[in-house]
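S.K.: Fold the following.
(2 chains)
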Amino acid sequence: MTEKNETDREEGREKPETGINRRDFFAAGAAAGLGAAAIGGPSAATAASHAADNMEWDYEVDIVVCGAGCAGLPAAIRARDAGASVLVLDQNYDAGGRMLHSGAFTSLGGGDAVQLRDMAGEGDPDGYVTVDPVESPEELDDNPDLLFTDVTDWSIVDTKAQSPYRYNERENMRAWADNTAPTRQFLMDNYVRFTRISGTHGGGGLSRARAPFAFYKLGDVTDIRAGTITREDAGVADLERTSPFAPVQMQDASAFASPDTVRNGAALARPLEFSAREKGAKFMFNRHFDELIREEQFAGRVIGVKASYTPRIHPQTGERLESLWQNGNIDDRRETIRIRARKGVILASGGMSGNPEIRGMFYPALRDPAFPTSGSALLGDGAQDASAMKAAMKVGANLSGMQQNLSYPTTFHIDSRLGTRDAYTSMMPGHPTFDFRGSAGIEVGNAGFEEFIVVNQVGKRFFNEVRLPQRPSNSRYPGGPGAGVPNAGIDHVPTDWRNCRHEWVREMYDYDHGLDAALAINEGSEPPHYYSGPLWAIMDQDAVDRMGWEMRYPYVNPDNGYYFTADTIEELARKINAGHPYQRVPMRHLADTVETWNGYVETGEDPEFERHVEAPMNPVATPPFYALSVMVIWHDSYGGIRINGRNQVIDLEGQVIPGLYAGGEAVGGFNKHGLGKGLVHGYIAGGVAAAELG
Amino acid sequence: MTAHREMTDPEPVIGAPDIAVSPAEGPAGGPVTITASLPPGAKARTVQIADETGAERLRFALSPVATAGSTPPVPPDPLPDAPEGVAAAAPPAPLTGQATAQAPATVGAHRWQARCIAEDGHAGPPAPVVFTTCAHRVNVVVWDVPTTVEPGQTARVRIGARCTAGCATAGWTLVLRDGDGKVHARAIAGNSPWRGTEALHHAEIPVAAGEEPGMRRWRVEAIAPDRASAPDPTAPAFDHDVRPAEFGLRTVDPPRHTVAVRVRNRRDGSPVAGARVVIHPYRTETDGNGDARVPVAPGRYTLYVSGRGFIPFRLPGEVHADIRVNVQLDEDRPLSEAELWG
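M.R.: Model (predicted):
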């Protein structure tokens, strides 16, 4: 109580006369009026007000959005557009979530505005898109029915022999296909600019091209309204410097827009964040959404949330990280708060890929915390931790498409960036979270795996190294045999049994199980979890010289536990054992493994893993020797909460849980990779929730 | 006597500390880190470490530590029946301290003792400090071994020795033996460590090709200099456990043909310099024009061309004349995050 009163004074607010900590910060913008008592209308709302009135709240608002990422930001904007008051919570110190480090390849379609623009050969109002369309008009000629057919196509089997579209929830797919075009327009109305369309994203269908990139024009100032960004903010002024604005250095977009344009998630996340703030959405960062508050555990409305304080403290300075922009932020540092949601709660806090216990339900080997989810440094330990799924299950929600967590071909993969824990996400010093990873890592590409051997936690090789980083393709436009379907481009035939003809699948199957060998039980695996442990690329000075890999900061860091160098192999093994947080057992076989390998190089044959069949072999002989971590990354989630076409959460009896919505990676039953899923979910959920209870 | 003293002495009894030793097994003469801890409320503030002879090796202070991060312990609520106005005392924190000693130069098990010392100098009962020292491992490393030599040639091979405990191996003798144990050459490790290493002292050693084609095995040992000839005869001498190295040197028939390889980037036809060209056991790299010439003996081979970010090229075949191979390499362009993921 004392702490609360102090907070009251600091923020200059009146203490509530009732003695109940109810506040309404958003009265001016709240269509529903002041406080719970003003919520009128149907009897459900009356009942809700009784239950909610008897509780103690720290904040009160129309809509609580849990997560400021690619589902949460559109939801917040849509709800504000409809006049609802909105509070967005995020466990991280800044907005954007995963969208911020994405490539902003935004697969929508169904006849969306960018498809129509490119079909007509037109540019954009700013004059930034001047290159000719990448795709022909026929390849862009789309409609919601074709999109719906594509994303529910039973006949598609990918090169890993999985069916990416067959198991999608049909009602959700219909709603998605009907809302992709409106969402594209909505994004463009909120400062997002799109390049030409080029292909389609994984899970976005095989019949038409549907995905452009979000981009900026390089300029003298960073101006969201004008669509310009400085070279410094884009991270292109200095190859070894990332900005707080864009955690991943932006990529050249000149092939898709015009000279001096750059693309990636910063061109999507920042405009949406900017617009949400401009429209009056409130943000509370460093605030992890923990639990839903429902009138009864399995009955009644969802009326609020509990959330806890999760500051991100810089590992060197000890200071709390602060968001890039501050307007609209509420800085509340109390340990736990309760927030009332008069109209609804939208769960947009991501999936379960950062939660080893939950992801272990699908692949027990990935219960090993040695392996992170992507963006682990950027997003922090609280990201992708299944918080939405767990909270929804506790109030009776059903789940959907859980098997789809395994059926996107590259959900988890071996990354070709070595020597850093956050191997999926590229980042250089200059972004506030760089020191959480300590090194940028070295991108060796697929071919780079020819230069070294890879060993497991006991120092043994386990697979043909050159095949470890190879990933199966996913089934998306323009298709063709490489994408698992017999026909490419507009020759693709949806729902044709020949797409999955037995003989065809045998012919196009293309999956190396190196990842699974990497995760296998080994001599160092101990009960109860039998963790397979970390993986190490072992190389010598000759390999480093051959490839010109720069073994220096910021690429590698001798102090972060993901890079070691030593005069001898034995010493290297000892250093790894002493210095890596997940190296649980001595690498007792490493010296013998290297000796054996060098013997294979002498004879020109690798009898264990037949590496000589496709690539030459190189000795690991010239000191000093190097060990760089090789990471298995669980990227994202496809199974999750069951929703209907209005993004309302459905319970175990098939009934809507009133007042509860979900979108993006928190939602299951939609094997769509990336942004298109979350953006449309946020668009739908924000609109529907704002309309609740009048 | 002791019992009598304990019964009559008004001072509180000082307990023995809990002791952790790291490493429990390490090199003779190496660092041994000893951590002592006492339960909350203990009166002692100092720990003394003595070796088997009773000589003091270490003395260090104990201080309270917060157990959860850097946050000081939060006082618990007063018990319901606590008298009003009496605040609960802050719970005492555990005491801990740490220091590093040099382990004995002798190899074997060691049992030192740790005692807590009270402010008045009163010493508590001893706790054992147990650890083992072992001989210093010395690894022999062999590199710059050519992949082929011809009869009559002599290869110059680089050999080094590294002590894991950091002893300088300059002046050590490196001995080359054949598969039968016969000594063929000796060399003395030099004063400067190999470039990029901390303490890998090395020497070049001549290795003769065999008279017949085939792989010949060699073994290299490292021998410490006599005590008298050591750079500092007064420094402690440690036992060293040398792990020898083995390597093979392949003698081949004199080449009679040349495989000329021209390597181009398929995308734009540009020469690929520095590409690896392997016709096992022969190997070389392309020059600045993307050309390489590999002299080979007649026979069946597989030509590989790879590296520098290109997808490996592979071509099996038989060489019975001079041949030219034009190779077009495909770039291994890693997909961007946008292309892979969006």
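S.K.: can you list the residues of the stretch 501-650 of chain A near chain B?
M.R.: Counting by Cβ under 8 Å from any Cβ of the partner chain, the stretch 501-650 of chain A comes close to chain B at A:540-541, A:546-547, A:567-571, A:574, A:591, A:595, A:598-599, A:602-604, A:612, A:614-616, A:618, A:621-624, A:635. Backbone N, C-alpha and C define where each C-beta goes, glycine included.
S.K.: For A:D112, which residues are in contact?
M.R.: A:D142, A:T180, A:A181, A:T183, A:R184, A:Q185, A:R210 (Cβ atoms under 8 Å, 6 or more residues apart in numbering or on different chains).
S.K.: Dihedrals phi and psi, residue 167?
M.R.: Assuming you mean chain A. Note on A:Y167: its backbone torsions stand at phi -100, psi 10 [degrees, to the nearest 10].
S.K.: what sits against it?
M.R.: Counted by Cβ under 8 Å, 6+ apart, A:Y167 has contacts A:G401, A:Q403, A:Q404, A:S407, A:G669, A:N671.
S.K.: buried subset of the residues you listed?
M.R.: A:G401, A:Q404, A:S407, A:G669, A:N671 (16 or more other Cβ atoms under 10 Å in any protein chain shown).
S.K.: So the first one sits against A:E665, correct?
M.R.: No - A:G401 sits out of contact with A:E665 when judged by Cβ atoms under 8 Å, with a separation of 11.8 Å.
S.K.: Quick check: neighbours shared by the two?
M.R.: With Cβ under 8 Å, 6+ apart as the test, A:G401 and A:E665 both reach A:G640.
S.K.: what bits of the chain have low per-residue confidence?
M.R.: Picked chain A for this. Counting by pLDDT under 70, the ranges of chain A that qualify are A:1-50.
S.K.: nope, chain B
M.R.: B:1-13, B:66-92, B:228-236, B:333-342.
S.K.: go again using 80 as the cut-off
M.R.: Filtered on pLDDT under 80, chain B yields the residue ranges B:1-14, B:40-44, B:65-93, B:119, B:227-237, B:333-342.
S.K.: Sort out for me which of the residues of the stretch 501-650 of chain A next to chain B are in strands.
M.R.: A:D540 (DSSP state E).
S.K.: Now a PyMOL select for only the buried ones of the residues of the stretch 501-650 of chain A next to chain B.
M.R.: Isolation of the buried members of these (16+ other Cβ under 10 Å) is achieved in PyMOL through the command below:
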select buried, chain A and resi 540+541+546+547+567+568+569+570+571+574+591+598+602+604+612+615+616+618+621+622+623+624+635
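S.K.: Restricted to helices, list the residues of the stretch 501-650 of chain A next to chain B.
M.R.: Under the assignment DSSP state H, those contribute A:541, A:546-547, A:569-571, A:574, A:591, A:595, A:598-599, A:602-603 to helices.
S.K.: quick one on the thing from earlier: among the contacts of A:Y167, which pair sits farthest apart?
M.R.: For these, the farthest-apart pair by Cβ to Cβ is A:S407 and A:G669; their separation is 11.6 Å.
S.K.: what sits against residue 241?
M.R.: No chain specified, so I'll use chain A. A:E232, A:G235, A:M428, A:P429, A:G430.
S.K.: Hmm, no, I was thinking of chain B.
M.R.: Counting by Cβ under 8 Å, 6+ apart, B:D241 has contacts B:C134, B:A135, B:H136, B:R137, B:V138.
S.K.: for A:A391, same thing?
M.R.: Applying Cβ under 8 Å, 6+ apart, the residues contacting A:A391 are A:F289, A:D290, A:E291, A:L292, A:V305, A:L347.
S.K.: Tell me if I am right that it is in a helix.
M.R.: Yes - the assignment for A:A391 is a helix, going by DSSP: H, G, I helix; E, B strand; the rest coil.
S.K.: how close does it get to A:A299?
M.R.: Plainly put, A:A391 is 16 Å away from A:A299 if you go by Cβ to Cβ, to the nearest Å.
S.K.: Contacts only, for A:I229.
M.R.: A:I229 touches A:Y216, A:K217, A:L218, A:G219, A:T222, A:F245, A:A246, A:M250, A:V262, A:A266, A:A267, counting by Cβ under 8 Å, 6+ apart.
S.K.: Kindly reformat those as TSV containing distance to chain B and secondary structure.
M.R.: TSV is the format used below for the contacts of A:I229 (distance: Cβ to the nearest Cβ, whole Å; DSSP: H, G, I helix; E, B strand; the rest coil):
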residue	distance to chain B	secondary structure
A:Y216	14	strand
A:K217	18	strand
A:L218	18	strand
A:G219	22	coil
A:T222	21	coil
A:F245	17	coil
A:A246	13	coil
A:M250	10	coil
A:V262	12	strand
A:A266	12	helix
A:A267	11	helix
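S.K.: Quick one, which of those are buried?
M.R.: With burial judged by 16+ other Cβ under 10 Å, the buried subset of the contacts of A:I229 is A:Y216, A:K217, A:L218, A:T222, A:F245, A:A246, A:M250, A:V262, A:A266, A:A267.
S.K.: excluding its backbone neighbours, what's nearest A:N179?
M.R.: Of all residues not flanking A:N179 in the chain, A:V680 sits nearest, at 5.1 Å (Cβ to Cβ, 6 or more residues apart in numbering or on different chains).
S.K.: Over to A:R320?
M.R.: Nearest to A:R320 is A:P311, by Cβ to Cβ, 6+ apart, at 4.7 Å.
S.K.: so the one you found sits right up against A:Y93, yeah?
M.R.: Yes - contact criterion Cβ under 8 Å: A:P311 and A:Y93 qualify, at 7.4 Å.
S.K.: More neighbours: these two, which one.
M.R.: Higher neighbour count among A:P311 and A:Y93: A:Y93, with 21 against 15, using other Cβ atoms under 10 Å in any protein chain shown.
S.K.: correct me, but the more buried one touches A:S323?
M.R.: Yes - using Cβ under 8 Å, A:Y93 makes contact with A:S323 at a distance of 5.9 Å.
S.K.: on that earlier part again, shared neighbours, A:P311 and A:Y93?
M.R.: Residues touching both A:P311 and A:Y93 by Cβ under 8 Å, 6+ apart: A:N286, A:R320, A:L321.
S.K.: Please give the number of neighbouring residues around A:G344.
M.R.: Neighbour tally, A:G344, other Cβ under 10 Å: 30.
S.K.: cool, and A:R334?
M.R.: 14.
S.K.: what about it, distance to chain B?
M.R.: Here A:R334 is placed at a distance of 15 Å from chain B (Cβ to the nearest Cβ, to the nearest Å).
S.K.: And A:V64, by the same measure?
M.R.: A:V64 is 28 Å from chain B, by Cβ to the nearest Cβ.
S.K.: Mind listing the residues bridging to that residue?
M.R.: Beta-bridge pairing for A:V64 (DSSP bridges): A:L87, A:V345.
S.K.: now swap in B:Q98 and tell me
M.R.: Beta-bridge partners of B:Q98, as defined by DSSP bridges: B:T35.
S.K.: Could you pick out the residues of the stretch 1-150 of chain B near chain A for me?
M.R.: Proximity of the stretch 1-150 of chain B to chain A, by Cβ under 8 Å from any Cβ, involves residues B:R137, B:N139, B:V141, B:V142, B:W143, B:D144, B:V145, B:T147.
S.K.: Mind doing that once more with 7 Å?
M.R.: Residues of the stretch 1-150 of chain B lying near chain A by Cβ under 7 Å from any Cβ of the partner chain: B:R137, B:N139, B:V141, B:W143, B:D144.
S.K.: Closest one to A:Y191 out of those residues, please.
M.R.: B:W143 (58.0 Å).
S.K.: and the closest one, how many residues sit next to it?
M.R.: So B:W143, with other Cβ under 10 Å, has 22 neighbours.
S.K.: helix/strand/coil for B:T169?
M.R.: Under the three-state scheme (three-state DSSP), B:T169 adopts coil.
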